[in-house]
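Visitor: Just need the structure, nothing else, for what follows:
(one chain, ligands or ions: 1)
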Amino acid sequence: MSKADELREVMRTEGAAIAENTQAFNEGRYESVADLEDYEELKSEARAIKEDAIERLPELLDELTETVEENGGTVYLADDAEDANAYIRDVVDDREAERVVKSKSMTSEEIEVNDALKADDVDVVETDLGEWVLQVADEAPSHIVAPAIHKSREAIAELFNEVFDPEEPLETAQELTHFAREKLGEQIVDAEVGITGANFLAADTGTMALVTSEGNARKTVAATDTQITVAGVEKIVPSVGDLDPFIELIGRSGTGQDITSYVSLLTPPVDTPVVDFEDDETPLSEFDSDREFHLVLIDNGRMAMREDDQLRETLYCIRCSACSNSCANFQSVGGHAFGGETYSGGIATGWEAGIEGLDVAEEFNDLCTGCTRCVNACPVEIDIPWINTVVRDRINREGERPADWLVDGLVPDEEDEGAPLQKRFFGNFETVAKLGSTTAPLSNWLADTSASRWAMSWALDIDPRRDLPTFERETLVEWAGKRDSTVSDPERRAVLYLDLYTNHVQVDRGKAAVRALEALGVDVVVPEAPSSGRAPLSQGMVATAQDHAERVVDSLSPHVEDGRDIVVVEPSDHALFQREYEKLLDSAAFTDLAENSYEVLEYVYGLLDNGADGSALTTAEGDEIAYHSHCQQRTLGLEAHTVAVLEECGYNVVTSDVECCGMAGSFGYKGDYYEVSMDVGDRLRGQLQAEGVRDRPVVASGTSCLEQIDSLLERQPRHPVELLVD
Ligand code: SF4
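Guide: Predicted coordinates for the structure are as follows:
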């Protein structure tokens with residue numbers, strides 16, 4: 001089955017339930033964190049604790065081992081899954097257990113302990129409702145927090161009715177959960193061994209924190225006399241006191257709950273008596289509490305990740321699922337498509353690359369478009385898109401592609417190995433754009449012939465359903481070079497940095513930007529400059545992107561030294577200057593560029609705020625418009641500036657709140673992903689076609705958004721700056 005077929009099938013069968021549930025979690029997160037006055041401080045505190053814990057991990061491992069052993073437990077550090085399973089099987093065998101009950105644990109999924117125990121004829125029962133549903137259905141989890149998120153209530157009712165044949169068919173959520181609770185209760189009382197995971201382990205006391213929405217983890221611990229906790233080594237934090245910010249953030253970030261239903265701090269072996277449920281005569285206090293506790297800490301690649309400068313950040317992850325829920329693509333396809341052996345969502349690339357290997361990460365890595373909507377959502381401030389980019393780069397370099405000999409030397413990139421032809425094409429869009437403009441309109445005609453479309457589909461997997469960009473013969477730089485500034489006594493001086501689309505395709509928005517800035521008293525120059533590197537970076541071509549970044553700095557620095565501000569039209573290029581260039585440039589060069597660059601409407605906002613005369617701009621009288629801001633613009637907190645400028649100019653603005661339009665640069669052009677892109681776009685279409693919005697002209701800040709909206713709607717969108725100088 002092709003990748004496109006796989007994705008279509010998962011969207012058809014699971015898409016509706018995934019979209020409904022993930023979007024509800026995501027909205028819940030926005031609402032819940034809004035109540036926290038110190039949200040950003042809490043995130044930074046949590047981040048600092050994880051950074052410190054991973055830095056001191058060997059020392060904390062020793063400390064935790066000591067405290068657990070002092071408490072009466074045993075610690076086993078397992079090198080890998082096989083090692084961990086061998087130890088667990090021995091414990092279960094010594095206990096002569098016939099049944100093991102488990103509460104949800106991603107790490108035990110990772111080591112596939114169920115299969116290992118079943119090989120010894122041990123009955124393993126999942127007690128988390130979602131995990132149990134999947135065990136009954138014989139399916140894999142599709143979400144790291146809500147494993148059965150892809151199943152609707154109706155589907156679960158159908159499953160239970162078919163498998164268990166209850167006297168009265170089950171239908172409502174209440175009936176289903178009541179039935180599950182009864183069934184699981186019977187299994188738990190008969191079990192000899194309980195396996196749990198741990199959200200956090202405090203080295204100073206040996207305390208484990210379990211953050212759950214059901215009481216099954218407590219039951220698993222209390223009802224069995226032998227407890228095995230399976231946790232990755234990265235779960236260790238220095239002290240119980242360090243748990244505070246995590247407990248505050250984890251539920252809010254993941255499911256939008258201010259606090260999860262159960263937060264259990266257990267310091268095993270616990271003192272609760274081990275009750276014989278057959279014996280209803282003996283008072284509880286007379287049962288003994290002779291319990292065994294085994295802490296199985298899993299390395300399985302984590303210590304190597306700790307030594308890896310790029311993957312290390314993955315170990316800070318607290319598995320809250322915010323990155324999945326905020327991801328537009330995940331909302332469409334879920335973890336069965338956007339996930340590996342165990343982990344799913346944006347951060348899964350880091351986990352799967354570190355634990356399973358690049359070949360597993362490669363299966364789903366391209367579903368991350370680098371939109372960055374997960375960045376602000378992550379409670380430990382992990383740069384998830386960067387991890388995806390780095391892993392994509394490694395995957396490119398590992399690959400051996402038959403067309404390497406053809407491409408190497410023909411394209412001006414810095415990739416000396418492996419990137420697939422399609423990625424090399426999109427990563428070198430600068431060359432394509434220059435050629436397109438130089439030979440327009442012939443290039444546009446030629447590209448649109450059926451023979452060209454077929455060839456592009458065959459060789460590059462460019463989806464024929466997408467319209468191709470139409471290149472302008474006269475670039476914006478050429479247009480600007482032929483005119484004189486209209487500002488004789490400038491208030492400020494700026495250099496307009498042009499992305500490829502503004503220079504070669506959507507030239508009108510560039511002209512509008514120049515005119516708007518001049519209207520506000522800014523002297524503007526529009527020099528030829530290297531493209532930003534956004535295109536190669538999105539394909540995982542990091543060396544090429546770095547080369548672009550260095551050339552961009554060389555080209556813009558003289559203007560900054562000359563006292564000019566850098567104004568950027570394309571939000572994704574501006575985001576590069578503000579975020580990713582930090583990874584590609586030396587610190588001084590990055591800071592200089594970042595501190596002196598502004599997204600164009602942010603700049604206009606600043607000018608107006610500092611007294612520029614707004615009457616020189618076109619004004620409206622309550623004209624109604626709909627606005628969709630770019631995902632990276634939102635991540636940088638710049639959506640409000642555009643809205644404020646438009647309102648100041650007299651527009652009545654309605655804004656969309658979908659996380660992403662779905663186009664995401666080259667993503668929507670790729671045959672494998674076209675339908676996912678359109679499915680994501682459907683949410684934006686829904687908002688822009690809603691009652692009261694459908695007649696409004698649409699404006700959007702990003703190139704990709706403009707292209708996608710053009711495909712989704714009858715009405716052609718424009719860049720907001722074009723409204724300022726009509
Ligand atoms: S990467 Fe961040 S947002 Fe994603 S699951 Fe981990 S902690 Fe949560």
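
Visitor: What ranges does the stretch 401-550 of the chain have for its helices?
Guide: For the stretch 401-550 of the chain, the helices defined by DSSP state H, counting those that start in this stretch cover 404-407, 421-427, 429-438, 442-447, 450-460, 476-481, 500-504, 507-519, 534-538, 542-561.

Visitor: And the longest one, what's buried?
Guide: In terms of neighbour count (16 or more other CB atoms under 10 Å), helix 542-561 has its buried residues at 542, 544-550, 552-553, 556, 559-560. To be clear about C-beta, it is placed using only N, CA and C from the backbone, and glycine gets the same treatment.

Visitor: if we can go back for a sec, in JSON lines, list the helices of the stretch 401-550 of the chain along with distance to residue 725 and mean pLDDT.
Guide: Converted to JSON lines, the helices of the stretch 401-550 of the chain look like this (distance: least, CB to CB, whole Å; pLDDT from 0 to 100):
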{"stretch": "helix 404-407", "distance to residue 725": "42", "mean pLDDT": "51"}
{"stretch": "helix 421-427", "distance to residue 725": "32", "mean pLDDT": "89"}
{"stretch": "helix 429-438", "distance to residue 725": "23", "mean pLDDT": "91"}
{"stretch": "helix 442-447", "distance to residue 725": "26", "mean pLDDT": "93"}
{"stretch": "helix 450-460", "distance to residue 725": "36", "mean pLDDT": "94"}
{"stretch": "helix 476-481", "distance to residue 725": "15", "mean pLDDT": "96"}
{"stretch": "helix 500-504", "distance to residue 725": "15", "mean pLDDT": "95"}
{"stretch": "helix 507-519", "distance to residue 725": "4", "mean pLDDT": "96"}
{"stretch": "helix 534-538", "distance to residue 725": "26", "mean pLDDT": "95"}
{"stretch": "helix 542-561", "distance to residue 725": "23", "mean pLDDT": "96"}
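
Visitor: rewinding a little: just send the buried residues of helix 542-561 back as a markdown table, with distance to residue 152 too.
Guide: Shown next, in a markdown table, are these (distance: CB to CB, whole Å):
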| residue | distance to residue 152 |
| --- | --- |
| 542 | 41 |
| 544 | 44 |
| 545 | 42 |
| 546 | 46 |
| 547 | 49 |
| 548 | 46 |
| 549 | 46 |
| 550 | 51 |
| 552 | 49 |
| 553 | 52 |
| 556 | 52 |
| 559 | 56 |
| 560 | 55 |
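
Visitor: so can I have TSV of the helices of the stretch 401-550 of the chain showing distance to residue 89?
Guide: As requested, those are exported to TSV (distance: least, CB to CB, whole Å):
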stretch	distance to residue 89
helix 404-407	46
helix 421-427	44
helix 429-438	54
helix 442-447	61
helix 450-460	50
helix 476-481	67
helix 500-504	58
helix 507-519	64
helix 534-538	45
helix 542-561	43
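
Visitor: Turn those helices into TSV, including distance to the ligand.
Guide: Formatted as TSV, these follow (distance: least, CB to the nearest ligand atom, whole Å):
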stretch	distance to the ligand
helix 404-407	34
helix 421-427	25
helix 429-438	30
helix 442-447	39
helix 450-460	32
helix 476-481	39
helix 500-504	31
helix 507-519	34
helix 534-538	20
helix 542-561	20
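
Visitor: and whichever helix or strand residue 210 is part of, which strands flank it?
Guide: If you go by DSSP states H and E, residue 210 is part of strand 207-212. According to DSSP bridges, strand 207-212 has the following sheet partners: strand 200-202 (antiparallel), strand 262-266 (antiparallel).

Visitor: who's in contact with residue 470?
Guide: By CB atoms under 8 Å, 6 or more residues apart in numbering, the contact set of residue 470 is 440, 444, 505.

Visitor: tell me the phi and psi of it?
Guide: Main-chain dihedrals, residue 470, degrees, to the nearest 10: phi -100, psi 120.

Visitor: again with residue 340
Guide: phi -110, psi -140.

Visitor: Pull the contacting residues for the residue lying closest to it once chain neighbours are set aside.
Guide: Leaving aside its chain neighbours, residue 340 sits nearest to residue 352 (3.4 Å; criterion: CB to CB, 6 or more residues apart in numbering). Going by CB under 8 Å, 6+ apart, residue 352 touches 339, 340, 341, 342, 343, 360, 361.

Visitor: Taking those together, which two end up most distant?
Guide: Greatest spatial distance in these: 342 and 361, 11.9 Å, computed using CB to CB.

Visitor: So the two - more neighbours on which side?
Guide: In this view residue 342 and residue 361 are compared by other CB atoms under 10 Å, and residue 361 has more residues nearby, 26 against 22.

Visitor: for the nearest residue to that one once chain neighbours are set aside, what are its contacts?
Guide: In space, and not counting its chain neighbours, residue 361 is closest to residue 353: 4.0 Å by CB to CB, 6+ apart. Shown in contact with residue 353 (CB under 8 Å, 6+ apart): 311, 360, 361, 391, 394.

Visitor: What pLDDT is listed against residue 353?
Guide: Note on residue 353: pLDDT of 97.

Visitor: Surely it is in a helix?
Guide: Yes - the assignment for residue 353 is a helix, going by DSSP: H, G, I helix; E, B strand; the rest coil.

Visitor: what's the weakest-modelled helix or strand in this structure?
Guide: Least confident helix or strand of the chain, by mean pLDDT, DSSP states H and E, is helix 404-407 with a mean of 51.

Visitor: Please, where are all the strands along the stretch 201-350 of the chain?
Guide: 207-212, 226-232, 236-237, 262-266, 292-298 (DSSP state E, counting those that start in this stretch).

Visitor: Pipe those into CSV and attach distance to the ligand per row.
Guide: What follows is the strands of the stretch 201-350 of the chain, written out as CSV (distance: least, CB to the nearest ligand atom, whole Å):
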stretch, distance to the ligand
strand 207-212, 12
strand 226-232, 12
strand 236-237, 14
strand 262-266, 17
strand 292-298, 17
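
Visitor: Kindly reformat the ones you listed as TSV containing distance to residue 584 and mean neighbour count.
Guide: Listed next are the strands of the stretch 201-350 of the chain as TSV, based on distance: least, CB to CB, whole Å; neighbours: other CB atoms under 10 Å:
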stretch	distance to residue 584	mean neighbour count
strand 207-212	37	23
strand 226-232	31	25
strand 236-237	32	24
strand 262-266	41	16
strand 292-298	34	23
